[in-house]
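Student: Sharing a sequence plus its predicted fold:
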Amino acid sequence: MPLHLLLAALLAQSGSSAQRPPIVGVAHIALETNDMAAARKFYGTGLGFEEPFPIANGALFKVNDHQYIKVSPDLKSETQDRLSHIAFETTDLKKLRSYLASRRVTVPAELKPDPDGNLTMMLEDPDGHHVEFIQYMPASLFRKNFGKALGTGRVSTRMIHVGVTVKDRAAADRFYKDILGFQMTWYGGRNDTEVDWVDMRVPEGTDWLEYMLNVHNPSPKQLGVMHHLALGVPDIQAGYRTVLARGIHPPQPPKVGRDGKWQLNLYDPNFTRAELMEPKPVEKPCCSPILNPPVGHAH
């Protein structure tokens, strides 16, 4: 038996009563580009996010002390997915690893600090998306830069959700809901008879993961629409004026989405959607009420 499977089995036998530690929010989204200068112009100049420190491959744009957008120059072809991975923050990664092993999830054989000094663990969800969990450690570069690189030019101070394509909602639910404890807060569709989107809130926070359903053979540009990030803003019209003044020209002005929230769709140079969104509905949402009001930790 491979070592990682043997370890998972042993941990499962000894840790059947393991408890899941808090998962408190979205930590980052990691994207790929073939033009770092253009990416810096969009995320840095356009959206106003600063780079708190240099990283080995690409750039790290800081939304707040706990949330980042990572961009790496690893896009090699037009058909390649622009999404590298999504990441969520936990308060105790070792405990999370033991808990996941007890639930028969394949986990790494050991945890080691990453080059920035944090503890991280990469898993794969049922759709093959890479999902990272991170614990910010006291001696890490992230912790050392808390309170820094938080300029007033940021168009948003919080990433409120990330979205990925999901082929099998039941399989995704078994991973995100049944094992990880995410909770559905809303579902809806392009019309009232189909479910195209499902919002799954992290168990101990206010951020959510959006299932993007009913996506068939997407082009890279369509994948960029689906694999996206959403930035919370208090005033969508003010955000619109800001990005226009900085040379970003959205294809459409702000609109109220099917969830009743104001939104503005922006696209980076490689088609990834960076959505500005007012977190609270201004109209009645279609299809489902907003369930399970957010409680607990917020970035």
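Tutor: Sure, I can see it. Everything numeric here is computed off the predicted structure, so don't read it as measured data.

Student: What's the first helix or strand after the helix or strand bottoming out on mean pLDDT in the chain?
Tutor: Lowest on mean pLDDT, DSSP states H and E among the helices and strands of the chain sits helix 3-14, with a mean of 47. Downstream of helix 3-14, the next assigned helix or strand under DSSP states H and E is strand 23-32.

Student: and that following strand, which strands flank it?
Tutor: strand 67-72 (parallel), strand 83-90 (antiparallel) (DSSP bridges).

Student: Would you mind listing the buried residues in that strand?
Tutor: Ile23, Val24, Gly25, Val26, Ala27, His28, Ile29, Ala30, Leu31, Glu32 (16 or more other C-beta atoms under 10 Å). For the C-beta atoms, the positions are set from N, CA and C on the backbone; glycine is no exception.

Student: Just to check, the third one is in contact with Asp207?
Tutor: Yes: the pair Gly25 and Asp207 passes the contact test of C-beta atoms under 8 Å, sitting 4.3 Å apart.

Student: and for stretch 185-196, what are the contacting residues?
Tutor: The contact list for stretch 185-196, computed with C-beta atoms under 8 Å, 6 or more residues apart in numbering, reads 169, 197-201, 208, 212-214, 258-259, 285-292, 294.

Student: Return the subset of those residues lying in strands.
Tutor: Members of the contacts of stretch 185-196 lying in strands (criterion: DSSP state E): Trp197, Val198, Asp199, Met200, Arg201, Trp208, Met212.

Student: Which residue is the nearest non-sequential neighbour of the fifth one?
Tutor: In this case it means Arg201. Ranked by C-beta to C-beta, 6 or more residues apart in numbering and with sequence neighbours excluded, the top spatial neighbour of Arg201 is Trp208, at 4.4 Å.

Student: How about the backbone phi and psi for the nearest residue to Lys284 once chain neighbours are set aside?
Tutor: Counting by C-beta to C-beta, 6+ apart, Lys284 lies nearest to Gly260, which is 5.8 Å off, once chain neighbours are set aside. Per-residue torsions, Gly260: phi 80, psi 10 (degrees, to the nearest 10).

Student: ok, Gly260 - contacts?
Tutor: Here Gly260 is in contact with Pro281, Val282, Glu283, Lys284, Pro285, Cys286 (criterion: C-beta under 8 Å, 6+ apart).

Student: Just the buried ones from those, in PyMOL syntax?
Tutor: The following PyMOL line selects those of those that are buried, judged by 16+ other C-beta under 10 Å:
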select buried, resi 281+285+286
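
Student: For the stretch 101-250 of the chain, which segments are assigned as helices?
Tutor: Taking DSSP state H, counting those that start in this stretch as the test, the helices found in the stretch 101-250 of the chain are 141-144, 169-173, 220-226, 236-245.
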